[in-house]
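J.: I would like the atomic coordinates for the input below:
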Amino acid sequence: MTAQLKIFAPLWGSNDLAPEQFIQRAIDAGFDGVEISLPDDEKATQHWLDLLAQAKLPWIGQQWQTVFARDFTEHQAILSRTLEQVCAAQPVKLNSHTGKDFYSQQQNLLLIDLAEAI
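T.: Got it, this is the predicted structure:
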């Protein structure tokens with residue numbers, strides 16, 4: 001069995017583009033898929049998912065929204081909500097910025113347990 005390398009275009013740095021433009025640029029550049037974070041708005045999320053399905057383009061979900069958390073409890077809530085949203089949309093993989101360097105080991109383990117449960 002040989003390993004297969006796939007290259008995905010990250011939305012990071014291109015989020016000023018409309019979804020249609022970003023997806024078309026990724027396709028035109030020969031990427032195998034895209035890495036995106038889903039918007040909070042359900043209609044906008046569905047628009048992304050429809051475009052990806054039409055293009056038959058695999059995608060990696062990205063979770064980074066916990067940067068807006070003011071404390072650990074809010075971090076947990078944002079992480080849970082965002083992971084639920086992304087996992088329900090069934091990406092091929094998920095890239096999650098799950099914990100924080102300044103959280104205790106116990107807090108980070110709680111976050112990992114939360115992510116595994118989802």
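
J.: which residues in this protein form strands?
T.: Applying DSSP state E to the chain gives strands spanning 8-10, 33-36, 59-63, 93-96.

J.: Roughly how far does the residue nearest the centre of the chain sit from Asn108?
T.: The structure's the chain has its C-alpha centroid closest to Gln62; by C-alpha atoms, centre = their mean the separation is 1.7 Å. The gap separating Gln62 from Asn108 is 19 Å, by C-beta to C-beta, to the nearest Å. Bear in mind the C-beta positions are built from the backbone N, C-alpha and C, glycine included.

J.: The residue nearest to the centre of the chain pairs with what?
T.: Asn95 (DSSP bridges).

J.: wait, it sits on Ala89?
T.: No: counting by C-beta atoms under 8 Å, Gln62 does not reach Ala89; the two are 11.8 Å apart.

J.: Could I get the buried residue list for the lengthiest helix in the chain?
T.: As assigned by DSSP state H, the longest helix anywhere in the chain is helix 72-88. Residues Phe72, His75, Gln76, Ile78, Leu79, Thr82, Leu83, Gln85, Val86 are the ones in helix 72-88 that count as buried (16 or more other C-beta atoms under 10 Å).

J.: Tell me the one of the residues you listed nearest Pro39?
T.: The nearest member of the buried residues of helix 72-88 to Pro39, counting by C-beta to C-beta, is Gln85 at 9.5 Å.
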